[in-house]
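> what would the 3D arrangement of this be:
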Amino acid sequence: MTTTVPPTAPADHPATTASTTLRRSRTDTMLGGVCRGLAESTGVDVVLWRVGFLALALTGAGFLLYLLLWVVLPAAPLPAGARPAPLDPVVERLHTGLNGALSGKRRG
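Residues are numbered from 1 along each chain as shown. Sure, this is the predicted structure:
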């Protein structure tokens, strides 16, 4: 007699327990943390994301796409005791301004 194992819910799989919120990493960055954030969100290795952006950069589109994602994606919380990167305040101002413009709110 054979027994069947009931299918498990998607939340039980390790590949889907990755963060579902897409955020830039603030701990493992080479430039802006975009590739690490994408890797954590999708479960695809960060090296593949970095190679993909490098390949796209050779065509000209990768660099612009990376910059756009750097500004659009919210940053992950900064761990306790860690210092922000030098460009973090600039990118945060751009992110806040862009979100305000897209939501129709004006700072005043």
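
> could you pull out the strands for this protein?
Per DSSP state E, the chain carries no strands over any range.

> can you name every helix or strand that the longest helix anywhere in it contacts?
Counting by DSSP state H, the longest helix found in the chain is helix 88-103. Here helix 88-103 touches helix 61-72, going by 3 or more CB pairs under 8 Å, 6 or more residues apart in numbering; DSSP states H and E. To be clear about C-beta, it is placed using only N, CA and C from the backbone, and glycine gets the same treatment.

> tell me the angle of the helix it packs on relative to helix 88-103?
Direction vectors for helix 61-72 and helix 88-103, defined by axes from the mean of the first three to the mean of the last three CA atoms, to 10 degrees, enclose an angle of 80 degrees.

> report the distance from helix 61-72 to the chain centre.
Between the centre of helix 61-72 and the centre of its host chain there is 11 Å, according to CA atoms, centre = their mean, to the nearest Å.

> now swap in stretch 76-85 and tell me
Averaging C-alpha coordinates over stretch 76-85 and over its chain gives two centres that are 15 Å apart (CA atoms, centre = their mean).

> nothing else from me, thank you.
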